[in-house]
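Trainee: below: sequence and its predicted model.
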Amino acid sequence: MEEEDLKEENGNLKEIKDGLQEAADHLQAATESQAGVTDDKEKEIEEIEADTENTESRAPEEMKDDAAPAPEASPAAENETESAREGQSVREAQDEGQSAQEGQGAEKDQSAREGQTAEEDQEGQTAEEDQEGQTSEEDQEGQSAGEEREGQSVDEGQSTQKDQGEQSDQKNLIVQKDKADQKDQGSKKKKKKKKASAGRIAFRITLLLFLLALGGIYYYGYEYCGTHFMPNTRINIFDCSGLTEEEVQQRFADAAQDYVLNVRFRGGATEMLSAEDMGFAYKPDGSVAALLQQQDQLVWPKYFFEDSTYKIETGGTYDEDKLMAAVTALPELQEANMEKPENAYIHFKSGNDEEDGVFEIVPDTAGSTIDPVQLAAALGDAASRYEEVVDAEQVPGAYQTAEITKDNPDIVSRCKDLNDIVGASITYEMPDGELIKLNSDVMVNWLVEDKKGRLVKDDDVWDEHLWAFLQELANHGNTLGMNRRFRSTLRGEITVSGGDYGYMVNQIVEHDLLMEDLPACKKETRRPSYYLTPYNEETENDGIGKSYIEVDLAAQHVWCYIDGELKMDCDCVSGNTTDGHATPTGVFGIMFMKKDTMLRGVMQKNGEYEYETKVGYWMPFYDGCGFHDAWWRTAFGGNIYKGDGSHGCVNLPVDGAEALFSYCDEKMPVVVYE
């Protein structure tokens, strides 16, 4: 039954639409007909004006012919001509009277333009009468001239009289033809006027019928709009076009019995709740009637050309207890199946050989924990609107969220601050070629946790770690006193230890530099700051190189090599081993070089030096010990040093000291071994 009613209503709607289309077609046809009548009238007026102009143009020519000099005529001929013209004038007057009577019988609704045409015709007739009068005067003048020529021969007068009679007959024929033409034109005008009047009457009748039909259709639509939902109307999920209030309510009631609500969860799972699960039913609440009243009856045609979609609470009710029980029983809301969300946090990602480590934010996780109260409320609202699907992720508050997300301003700011603290990267080039880095992977271990478990920089702890790093740097970079493998002249490769030759890192200077470079996040590669540096940076001979001075205490001999080439050698006398003044062993460097110097021993209690000796060449290498000439000695080498040795210096012959001085250079390595 409902389907038949719906078909009937749709049929009514179709009739309204067809009526509107038919009325529009009538209006268009009437408009085209009126346009055609107007065009015909304009053409008629143009033809009448053209005929009038032709008539006026011919009249002056005829008058001109009448005014031309005529041959002498007898008084009798002239009288005949004048009588003919008077007869013509009488006929013209009769024609004018007849035209006037016809004009009075014309319809009163004749257009102003047709009236103007009639006036122009009358003016043309008046002009013709004036021309005829002028012709009469000219004939009188010709008569006077003929009296003067009475003396001419009788034959010439008769011939002239005959010619004038023929010309007069021709003129009468022309005038009669023009009058006949004008009469035909007047008849045509009357026919055209009648035709135009009939067209106007037909147009008015058609327009009246159209307006009556249009008014009837509008009234029907007006009443229909007050009791039915108009086309293109959807209420919630239902198409309610053409339905009454009762029919819409019945549709909702029928749908409530078979209603099923689909719930879509995070991860793609979907569960269904039936009307029975929710205790769902339909109870009219006046919302449909209120919606029907919102339709604007005055402008009902607009609903054919626009969509009307409404979402309203339609009286759908549910049992809250049943709905909550159904929701909590769903598998997705079981505690074993729900995962709690996790907050975002800051994590240090270690670096590698190509890039340094960096602090980064580990995003929060959504989890799958659901609030049953929030979800049940959203499902109830959706059911009241007969919605078919609810996405739980789109329900505000349904899923528990992390307290700290990856976009949290505080965590973003802290991550940036930490990267600024450890953002510097200093790479040290060490003497042995190794690279030592001070970067984020090192400094991250200098940070401490605050009471909230967050990494922060403590200045005191930070400084302790910085000094510890510099000590490690010095331990690796300092080469003073280290064991070195050395290729000796007489014994081959030996191990030499001790001395103060090599590198010594200046930790104080380096600390000050780092206190500026680290906060500025400076990135560079450089050498450490040193107290001492060797004579050269060669790695041969374990850092000693190819230019050095060699002292073999057991052999009591000295050699000097420059770039691996022996330049000089000689015997020597080293420190006295008997009284504890043995020459120190190890690798040293020439401290300075000086000629003609006074060497003094330790000052005694009596104010005198232990010894005072002037030498020509002085080349110290460690704590008062050095090379110098011993001009007072006559013998060198052997075992002299064991009982008659020096106070620790290496005594050389004068020529040997002079030669060594010439090859020696400041910081040149000195290798002393036993």
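Mentor: Great, that's in hand. Numbering: from 1, shown residues only.

Trainee: surely Ala269 and Glu332 touch.
Mentor: Yes. Taking contacts as CB atoms under 8 Å, Ala269 lies within contact range of Glu332: 6.1 Å. To be clear about C-beta, it is placed using only N, CA and C from the backbone, and glycine gets the same treatment.

Trainee: have a look at the two and say which one is more surrounded.
Mentor: Neighbour count, other CB atoms under 10 Å: between Ala269 and Glu332, Glu332 has more, with 18 against 14.

Trainee: tell me the SS of that one?
Mentor: Here Glu332 is recorded as helix under DSSP: H, G, I helix; E, B strand; the rest coil.

Trainee: which one is it nearest to, not counting chain neighbours?
Mentor: Among residues not flanking Glu332 along the chain, Phe265 sits closest, at 4.7 Å (CB to CB, 6 or more residues apart in numbering).

Trainee: and if you look at Glu306?
Mentor: In this structure, Glu306 finds its nearest non-sequential neighbour in Asn232, 6.6 Å apart by CB to CB, 6+ apart.

Trainee: surely the residue nearest to Glu332 is in contact with Pro331?
Mentor: No. Assessed by CB under 8 Å, Phe265 is found out of contact with Pro331, at 9.2 Å.

Trainee: which neighbours do the two have in common?
Mentor: Glu271 (CB atoms under 8 Å, 6 or more residues apart in numbering).

Trainee: and those two? which has more neighbours close in?
Mentor: When neighbours are counted by other CB under 10 Å, Phe265 comes out ahead of the other of Phe265 and Pro331, with 21 against 10.

Trainee: state the pLDDT value of that one.
Mentor: Per-residue pLDDT puts Phe265 at 96.

Trainee: ok, it - contacts?
Mentor: For Phe265, the contact set (CB under 8 Å, 6+ apart) comprises Glu271, Glu332, Ser368, Ile370, Ala392, Glu393.

Trainee: okay, now the domains of the chain?
Mentor: Listed by automatic domain parsing, the domain ranges of the chain are 2-227, 233-362, 422-532, 548-673.

Trainee: in what helix or strand does the nearest residue to Val395 once chain neighbours are set aside lie?
Mentor: Leaving aside its sequence neighbours, Val395 sits nearest to Ala378 (CB to CB, 6+ apart; 4.2 Å). Using DSSP states H and E, Ala378 sits in helix 372-384.

Trainee: report the buried residues of that helix.
Mentor: Within helix 372-384, the residues that count as buried by 16 or more other CB atoms under 10 Å are Gln374, Leu375, Ala376, Ala377, Ala378, Leu379, Gly380, Ala382, Ala383, Ser384.

Trainee: mind putting the residues you listed into a markdown table with pLDDT?
Mentor: Formatted as a markdown table, the buried residues of helix 372-384 follow (pLDDT from 0 to 100):
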| residue | pLDDT |
| --- | --- |
| Gln374 | 95 |
| Leu375 | 96 |
| Ala376 | 95 |
| Ala377 | 94 |
| Ala378 | 95 |
| Leu379 | 95 |
| Gly380 | 92 |
| Ala382 | 90 |
| Ala383 | 88 |
| Ser384 | 83 |
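
Trainee: nearest to Ser547, out of those: which one, please.
Mentor: Gln374 (86.1 Å; CB to CB).

Trainee: so which strand or helix has the closest residue to the closest one other than its chain neighbours?
Mentor: Using CB to CB, 6+ apart and skipping the chain neighbours, the partner closest in space to Gln374 is Gly397 (4.3 Å). Counting by DSSP H and E, no helix or strand carries Gly397.

Trainee: so which elements touch the helix holding Ala378?
Mentor: Helices and strands touching helix 372-384, by 3 or more CB pairs under 8 Å, 6 or more residues apart in numbering; DSSP states H and E, are strand 260-264, helix 275-278, strand 316-317, helix 320-328, strand 389-391.

Trainee: mind checking which of the ones you listed is nearest Gly221?
Mentor: Comparing those by CB to CB, strand 316-317 comes nearest, at 31.7 Å.

Trainee: show me what the closest one pairs with in its sheet, parallel or antiparallel.
Mentor: Take DSSP bridges as the rule and strand 316-317 pairs in its sheet with strand 281-282 (antiparallel).

Trainee: flag the helix or strand of this protein with the lowest per-element mean pLDDT.
Mentor: None of the helices or strands of the chain scores lower by mean pLDDT, DSSP states H and E than helix 112-148, at a mean of 38.

Trainee: how about low-confidence regions in the stretch 251-400 of the chain?
Mentor: Residue ranges of the stretch 251-400 of the chain with pLDDT under 70: 313-315.

Trainee: after the helix or strand Gly216 falls within, heading C-terminal, what element do we hit next?
Mentor: Secondary-structure assignment from DSSP H and E places Gly216 in helix 154-227. Next along the chain after helix 154-227, taking DSSP H and E as the criterion, comes strand 233-235.

Trainee: give me the residues contacting that next one.
Mentor: For strand 233-235, contacts defined as CB under 8 Å, 6+ apart pick out 229, 239-241, 248, 288, 291, 303, 307-310, 312, 314.

Trainee: surely Tyr399 meets Ala378?
Mentor: No. If you go by CB under 8 Å, Tyr399 and Ala378 don't touch, sitting 11.6 Å apart.

Trainee: give me the common contacts of the two.
Mentor: Joint contacts of Tyr399 and Ala378 (CB under 8 Å, 6+ apart) are Ala392.

Trainee: list the contacts for Thr495?
Mentor: Thr495 neighbours (CB under 8 Å, 6+ apart): Asn483, Arg484, Arg485, Phe486.

Trainee: now do the helices in the stretch 351-500 of the chain.
Mentor: Listed in chain order, the helices of the stretch 351-500 of the chain (DSSP state H, counting those that start in this stretch) span 372-384, 409-421, 440-443, 459-477.

Trainee: make JSON lines out of the helices and strands packed on helix 372-384 and add distance to Thr597.
Mentor: Output for those, formatted as JSON lines (distance: least, CB to CB, whole Å):
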{"stretch": "strand 260-264", "distance to Thr597": "100"}
{"stretch": "helix 275-278", "distance to Thr597": "113"}
{"stretch": "strand 316-317", "distance to Thr597": "116"}
{"stretch": "helix 320-328", "distance to Thr597": "104"}
{"stretch": "strand 389-391", "distance to Thr597": "98"}
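
Trainee: give me whichever of these is most buried.
Mentor: Counting by mean count of other CB atoms under 10 Å, strand 316-317 has the highest mean neighbour count of the helices and strands packed on helix 372-384, with a mean of 22.
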